[in-house]
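Q: Here you go, sequence then predicted model.
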Amino acid sequence: MLRLHEIQEAFAEVMIEGKYNAMAEAIVPGSSALRSMALYRRLIRTNYTQVLNVTYPVLRRFVGPRYFDILARGYLKRYPSRSGDLFLYGRHLPVLLLESQVPRLLVELARLEWACHEVYQASDSPPLATDELDAVTSADPSHVTFRLNPTARLLRLSQPVHRVWLALQLDAPTDIAVDLPLPEEETGILVTRAEGRIHVAALADLDYRLLEAMAERNTVTELEQMATEADPGFDFTRFMASILDLNVLAGVSMEAPS
Amino acid sequence: MTCLISSSPIPAQAGIGLRSYHFQEILKEPPPVAWMETHPENYFGDGGLPLRVLERIRARYPLSFHGVGLSIGSANPIDRIHLQKLKSLVNRFDPTLVSEHLSWSSVGGRFLNELLPLPYTQKSLNHVCSRIDEIQDVLQRPLLIENITRYLTWHDSTIPEGEFMAETARRTGCGILLDLNNVYVNAVNFHLDPFEFLDAIPAEAVWEIHLAGFDHFGRWLIDTHGEAICPEVWGLYQWAIHHFGPRPTLIEWDTNMPPLSVLVDQAKQADAILGGCRVATS
């Protein structure tokens, strides 16, 4: 009689490697041992493919279900799940695509979808309170730093991949057309969440760099200096108003750097 | 029978599974069902729409948590992180029932994301009971254990499944979530008499019933929860309700999702059977 952990270890091995004979004698022959294990292997593969379908719906729509299924099989083999938390499954897909030397568009689309996936369940954080904002206006700007909302992600892509993402949303207008191949055009993307829905937007280059600097806790003085050096006519107030609208900020600090 | 474990009792009526596919429809017009059940693992995230929806659902309906990831039968120690996440959700949402499966899905750091059968042996029984004790200690509430569908029979199995479940409930004080579709699917796949299983289950241990549909794949019936409940499972349900008494009953649907109204219709059908039993016994 095999011990429980021996049965389970061997079964898991069979499911991953597909060497059914290793397990056959532990299963009652009348139940068609090999077919049973093949069925379980198929069910497991289907379950994990379904997880990737949910996490990468746009990529799946773009490449088609057949290619996506092949991709999902390859992913399960290369990056088998190491957690019972299915939310984490699939985070290496952009790496797998990169390793597979597929067109860069697919890698970046996967990166964008993983960012959306993270934002979807990121912790809720209230927008900056009015009194905090009032305090900022009278504080020493060389002491003011902001904290980005957990529901905001910045992503630098080498092509405007967000156009594909937007065009392939289920509720996208039918007249959106995206010309392929996409131009080689570095694009800064902001992913946010509002009312539970994910929003993806391409930012002007300087807006993106300012948000990056903000995420790195640069002070308002440093941000203003950076903006003016890049564009002497830059409207910093407009920039701040726009990111407040997008609920990108979750906290502010007005303490002098130690 | 009314389950009174939490502050919000679940009546012996039909409920439906809460799935993200129906979020908008449910929020727009809450369906006329007595309660809802959901997989807690879908709410392990830190925030966002799923948790907000669950808060609104909980404010309106009694709730049941039906876990799929604890891997109770695993030979490895219980995943404490998973259990703590579950406990946090239980504390936050106070579900009336918390259930899991009599199965394993991970071992040695490998996760298979499938409800896999145990060999039904004395050693497995001891192991499962000690794990359920551990989980119940952490959650500070009794657990319900569901009978699963299986597509193989372990050579080592020496205890009939029904007896294994009954003894697990007796030793640990856990309840049994009786999935009648699983009973039926196993009976067809392995040419078993479903009543051999059902006769072994003590009525007082049955705290909830699941009804669902299956698909065909070659010679197998597969427990996909993607079809309407078949007439044979409705027949088993009628027998079970008369034999065990009225119990909270879930219409479970996870794939090939239909409009919400289809689930509500199936729930009404279950309620009619539950109501018929009450009339007959009053």
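A: Great, that's in hand. Numbers count the residues shown, from 1 in each chain, chains lettered A, B, ... in the order given.

Q: Which stretches in the stretch 101-250 of chain B count as strands?
A: Per DSSP state E, counting those that start in this stretch, the stretch 101-250 of chain B has strands spanning B:104-107, B:110-116, B:144-146, B:175-179, B:206-211, B:215-217, B:220-222, B:249-251. These are given in chain order.

Q: Next, format those strands as TSV and append mean pLDDT, distance to residue A:181 and mean neighbour count.
A: (C-beta placed from N, C-alpha, C; glycine too.) Converted to TSV, the strands of the stretch 101-250 of chain B look like this (pLDDT from 0 to 100; distance: least, CB to CB, whole Å; neighbours: other CB atoms under 10 Å in any protein chain shown):
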stretch	mean pLDDT	distance to residue A:181	mean neighbour count
strand B:104-107	95	42	26
strand B:110-116	94	36	23
strand B:144-146	98	51	24
strand B:175-179	98	51	26
strand B:206-211	98	50	25
strand B:215-217	94	41	13
strand B:220-222	94	42	19
strand B:249-251	98	48	27
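
Q: Dump the ones you listed to JSON lines, plus distance to residue A:18.
A: As requested, these are exported to JSON lines (distance: least, CB to CB, whole Å):
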{"stretch": "strand B:104-107", "distance to residue A:18": "17"}
{"stretch": "strand B:110-116", "distance to residue A:18": "13"}
{"stretch": "strand B:144-146", "distance to residue A:18": "29"}
{"stretch": "strand B:175-179", "distance to residue A:18": "29"}
{"stretch": "strand B:206-211", "distance to residue A:18": "32"}
{"stretch": "strand B:215-217", "distance to residue A:18": "18"}
{"stretch": "strand B:220-222", "distance to residue A:18": "19"}
{"stretch": "strand B:249-251", "distance to residue A:18": "35"}
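
Q: Those into a markdown table, with extra columns for distance to chain A?
A: As requested, the strands of the stretch 101-250 of chain B are arranged in a markdown table below (distance: least, CB to the nearest CB, whole Å):
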| stretch | distance to chain A |
| --- | --- |
| strand B:104-107 | 4 |
| strand B:110-116 | 4 |
| strand B:144-146 | 17 |
| strand B:175-179 | 17 |
| strand B:206-211 | 19 |
| strand B:215-217 | 7 |
| strand B:220-222 | 6 |
| strand B:249-251 | 21 |
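
Q: So which of those strands is nearest residue A:194?
A: With CB to CB as the measure, strand B:110-116 is the member of those nearest residue A:194 (31.5 Å).

Q: Mind giving me the packing neighbours of that closest one?
A: Identification of packing neighbours for strand B:110-116 by 3 or more CB pairs under 8 Å, 6 or more residues apart in numbering or on different chains; DSSP states H and E yields helix A:4-17, helix A:33-55, strand B:104-107.

Q: Sort out which residues of the longest one are buried, please.
A: Along helix A:33-55, the positions that meet the burial threshold by neighbour count (16 or more other CB atoms under 10 Å in any protein chain shown) are A:33, A:36-41, A:43-49, A:51-53, A:55.

Q: residue contacts, residue 51?
A: Picked chain A for this. Contact criterion CB atoms under 8 Å, 6 or more residues apart in numbering or on different chains gives A:86, A:89, A:90, B:113 as the residues in contact with residue A:51.

Q: could you do chain B instead?
A: Listed by CB under 8 Å, 6+ apart, the contact partners of residue B:51 are A:124, B:43, B:45.

Q: Narrow those residues to those in helices?
A: The helices in this structure, assigned by DSSP state H, contain none of the contacts of residue B:51.

Q: Among the residues you listed, which one has the most neighbours?
A: When the contacts of residue B:51 are compared by neighbour count (other CB atoms under 10 Å in any protein chain shown), residue B:43 ends up highest, at 21 neighbours.

Q: unless I'm mixing things up, that residue is touching residue B:50, no?
A: Yes: here residue B:43 lies in contact with residue B:50, judged by CB atoms under 8 Å, at a distance of 5.3 Å.

Q: now the helices: where do they sit in the stretch 51-200 of chain A?
A: Assigned by DSSP state H, counting those that start in this stretch, the helices in the stretch 51-200 of chain A fall at A:57-63, A:65-78, A:93-99, A:104-120, A:130-138, A:162-167.

Q: that older thread, out of the contacts of residue B:51, which is nearest to residue A:77?
A: Residue A:77 has its nearest neighbour among the contacts of residue B:51 in residue B:45, at 26.9 Å by CB to CB.

Q: Chain neighbours aside, what residue packs nearest to the closest one?
A: Taking CB to CB, 6 or more residues apart in numbering or on different chains, and ignoring the residues beside it in sequence, residue B:45 has residue A:121 as its nearest neighbour in space, at 2.7 Å.

Q: residues in contact with the residue nearest to residue A:68 when sequence neighbours are not counted?
A: Across the structure, with CB to CB, 6+ apart as the measure, the residue nearest residue A:68 apart from its sequence neighbours is residue A:60 (4.3 Å). Listed by CB under 8 Å, 6+ apart, the contact partners of residue A:60 are A:52, A:53, A:68.

Q: Hmm, the first one is touching residue A:68, no?
A: Yes: contact between residue A:52 and residue A:68 holds when scored by CB under 8 Å: they sit 7.4 Å apart.

Q: one step back: where among the helices and strands packed on strand B:110-116 is average confidence lowest?
A: Set side by side, the helices and strands packed on strand B:110-116 differ in mean pLDDT, and helix A:4-17 is lowest with a mean of 89.

Q: Now do it and helix A:33-55, the angle between them.
A: Helix A:4-17 and helix A:33-55 meet at an angle of 70 degrees, taking axes from the mean of the first three to the mean of the last three CA atoms, to 10 degrees as the criterion.

Q: contacting residues around helix A:4-17?
A: With CB under 8 Å, 6+ apart as the test, helix A:4-17 has contacts from A:2, A:19-20, A:22-23, A:26, A:37, A:40-41, A:44, A:77, A:80, B:73-76, B:104, B:107-108, B:110, B:112, B:116, B:118-119, B:123-124, B:127, B:154, B:156.

Q: Export that helix to CSV, keeping only CA atoms.
A: In CSV, the C-alpha atoms belonging to helix A:4-17 read as follows (Å, rounded to 0.1, in the frame of the first residue of the first chain):
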residue,chain,number,x,y,z
LEU,A,4,-0.7,9.1,0.9
HIS,A,5,2.1,11.5,0.0
GLU,A,6,3.7,8.9,-2.3
ILE,A,7,0.4,8.6,-4.2
GLN,A,8,-0.1,12.3,-4.4
GLU,A,9,3.5,13.1,-5.4
ALA,A,10,3.4,10.4,-8.1
PHE,A,11,0.1,11.6,-9.4
ALA,A,12,1.2,15.2,-9.6
GLU,A,13,4.3,14.1,-11.5
VAL,A,14,2.1,12.1,-13.9
MET,A,15,-0.1,15.1,-14.4
ILE,A,16,2.8,17.4,-15.2
GLU,A,17,5.0,14.9,-17.2
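
Q: Quick check: residues of the stretch 101-250 of chain A near chain B?
A: Proximity of the stretch 101-250 of chain A to chain B (CB under 8 Å from any CB of the partner chain) is limited to residues A:120, A:121, A:122, A:123, A:124, A:125, A:150, A:151, A:193, A:196, A:197.

Q: mind checking which of the strands of the stretch 101-250 of chain B is nearest residue A:225?
A: Distances from residue A:225 to each of the strands of the stretch 101-250 of chain B were compared using CB to CB; the minimum, 49.6 Å, belongs to strand B:110-116.

Q: The closest one vs helix A:65-78, what angle?
A: Following the same axes, to 10 degrees, one obtains 120 degrees for the angle between strand B:110-116 and helix A:65-78.

Q: Now do strand B:110-116: distance to the chain's middle.
A: Mean C-alpha position of strand B:110-116 versus that of the full chain (CA atoms, centre = their mean, to the nearest Å) differs by 17 Å.
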